[in-house]
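1. mind looking at a prediction? Sequence and model below.
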Amino acid sequence: MRPKDLQVSIVIPTYNEAANIGLLVKKIHKSLKANYEIVIVDDSSPDGTGKIAENLSRGFPLRVIHRKGKLGLGSAVLAGFEVARGEVLGVMDADLQHPPDIVPELVKIVNQGADIAIGSRYVPNGGFQNFASIRKLASKLATLAARPLVRVKDPMSGFFFLRRKVVEDVALEPRGYKILLEILVKGKYKEVVEIPYLFADRKLGQSKLDSKVALSFLQHLVVLYFSKTKRFRKFCIVGLTGIFVNMFFLWLLAEVFGLFYLVAGFIAVELSIINNFTWNNIWTFKEAKDPSHVLIKLGKFNLVSLSALVVNMSVLYSFTQFLHIYYLISNLFGIGAAFLWNYTMNARWTWRETQEG
């Protein structure tokens with residue numbers, strides 16, 4: 001079999017997609033026509049998605065894996081990879097938000113030599129179609145937080161194709177709904193190509209995005225940062241020393257020197273910022289080649305810290321107001337998002353480092 005004729009296996013995780021799955025399968029068949037298979041991994045959908053998929057297998061090159069319980073998209077993708085026959089493995093959503101008409105282009109890119117082809121919302125001509133502003137903001141924040149880990153514009157895409165060798169013998173530990181990021185961090189590849197597409201709002205069915213998905217993503221992101229970058233681990237340690245400095249000087253200034261607690265708190269915050277900057281400058285980012293004067297970096301560090309507060313408050317408000325998540329839980333998301341924002345912006349702007357080698 002010539003490389004250009006490598007069989008394609010498209011893995012489609014499903015949960016309550018009865019209204020979409022039939023139309024999606026027909027559109028994929030119209031786009032590819034031959035030399036492909038579809039592997040549907042269904043997590044016991046109450047709406048009968050699995051049964052509909054079984055019926056579709058009589059007329060299309062399609063197999064169905066039935067799993068007990070709602071086990072998550074990431075693990076569903078890996079379950080599909082395990083049984084897939086193709087040398088080119090693809091992943092797409094079942095809700096028609098990923099356009100089947102560009103599947104041939106993604107497959108062609110892999111067959112022409114690329115290791116991974118990604119449908120991207122963040123390259124020229126890519127984007128969102130009829131999407132709520134809050135959903136766009138959440139997507140952009142998540143993408144920005146993930147970018148220091150990889151050299152890809154849209155590492156959070158759920159629409160991609162790759163050569164089997166990229167994930168062969170790679171220990172993947174999927175959490176939640178995003179597996180491409182982990183593949184990009186741990187996989188074996190050289191060339192990645194991104195092509196634009198418009199991510200459309202779903203027309204049928206319900207979105208699976210909720211607070212559990214968001215929390216799972218933050219946990220996954222932190223795990224990947226710890227496994228990928230020594231700088232992130234150092235940044236976390238420095239952050240812990242900042243907490244100690246903050247608490248100590250708040251107590252000292254308020255209890256010993258008798259300052260009003262809010263005044264003491266303001267000074268303690270700035271002292272903790274100076275502490276964090278000092279240790280990050282001489283330890284965390286000591287290999288950064290940014291020639292800026294130390295006072296300029298300190299000013300940037302302060303601005304990033306202020307912007308992190310804005311991120312925290314924005315997430316708190318947005319998650320509580322629009323996603324109807326309990327405010328204390330929303331605040332946890334805000335703290336996590338602010339911390340990742342802090343690290344990302346300091347790495348990319350204060351010390352001008354985009355990725356650790």
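-> Looks like it arrived, so ask away.

2. can you give me the helices for the stretch 151-300 of the chain?
-> Along the stretch 151-300 of the chain, the stretches classed as helices by DSSP state H, counting those that start in this stretch are 180-186, 211-228, 230-251, 261-279, 294-321.

3. low-scoring stretches of the stretch 1-150 of the chain, by residue?
-> Counting by pLDDT under 70, the stretch 1-150 of the chain contains low-confidence ranges at 1-6.

4. okay, now K230: neighbour count?
-> Around K230 sit 10 other residues, with neighbours defined as other C-beta atoms under 10 Å. Heads up, the C-betas are built off the backbone N, CA and C, glycines and all.

5. using TSV, lay out the helices of the stretch 151-300 of the chain together with mean pLDDT and distance to K26.
-> Formatted as TSV, the helices of the stretch 151-300 of the chain follow (pLDDT from 0 to 100; distance: least, C-beta to C-beta, whole Å):
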stretch	mean pLDDT	distance to K26
helix 180-186	92	26
helix 211-228	74	29
helix 230-251	90	45
helix 261-279	92	56
helix 294-321	90	37
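
6. now, of those helices, which is deepest in the fold?
-> Using mean count of other C-beta atoms under 10 Å, the stretch among the helices of the stretch 151-300 of the chain with the largest mean neighbour count is helix 180-186, at a mean of 22.

7. distance check, the residue nearest in space to the middle of the chain against P148.
-> The centre of the chain sits closest to M156, judged by C-alpha atoms, centre = their mean, with a distance of 3.9 Å. The gap separating M156 from P148 is 13 Å, by C-beta to C-beta, to the nearest Å.

8. do the same with L250
-> L250 is 31 Å from P148, where distance means C-beta to C-beta.

9. likewise A94?
-> If you measure A94 against P148 using C-beta to C-beta, the figure is 31 Å.

10. who's more crowded, these two?
-> A94 (28 against 23).

11. dump the helices of the stretch 151-300 of the chain into JSON lines; add distance to A19 as well.
-> Below are the helices of the stretch 151-300 of the chain laid out as JSON lines (distance: least, C-beta to C-beta, whole Å):
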{"stretch": "helix 180-186", "distance to A19": "25"}
{"stretch": "helix 211-228", "distance to A19": "21"}
{"stretch": "helix 230-251", "distance to A19": "42"}
{"stretch": "helix 261-279", "distance to A19": "50"}
{"stretch": "helix 294-321", "distance to A19": "28"}
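
12. looking at these, spot the one closest to I52.
-> Evaluated over these, closeness to I52 peaks at helix 211-228, with 24.3 Å, by C-beta to C-beta.

13. restrict that closest one to CA atoms and write it as CSV.
-> The C-alpha atoms that make up helix 211-228 are tabulated as CSV, following Å, rounded to 0.1, in the frame of the first residue of the first chain:
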residue,chain,number,x,y,z
SER,A,211,-17.9,23.0,35.9
LYS,A,212,-16.6,19.4,36.1
VAL,A,213,-15.1,19.7,32.6
ALA,A,214,-13.5,23.0,33.4
LEU,A,215,-12.0,21.7,36.7
SER,A,216,-10.7,18.6,34.9
PHE,A,217,-9.0,20.8,32.3
LEU,A,218,-7.3,22.9,35.0
GLN,A,219,-6.1,19.8,36.7
HIS,A,220,-4.8,18.3,33.5
LEU,A,221,-3.1,21.6,32.6
VAL,A,222,-1.2,21.7,35.9
VAL,A,223,-0.1,18.1,35.6
LEU,A,224,1.2,18.7,32.1
TYR,A,225,3.1,21.9,33.2
PHE,A,226,4.7,20.0,36.0
SER,A,227,5.7,17.1,33.7
LYS,A,228,6.9,19.4,30.9
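
14. now do that helix against helix 230-251, angle only.
-> Our comparison of helix 211-228 with helix 230-251, counting by axes from the mean of the first three to the mean of the last three C-alpha atoms, to 10 degrees, yields an angle of 110 degrees.

15. can you list contacts of stretch 333-350?
-> For stretch 333-350, the surrounding residues in contact (C-beta atoms under 8 Å, 6 or more residues apart in numbering) are 141, 144-145, 147-148, 211, 214-215, 218, 221-222, 225, 231-232, 235, 239, 280, 285, 290, 297, 300-301, 304-305, 307-309, 311-316, 319, 325, 353-354.
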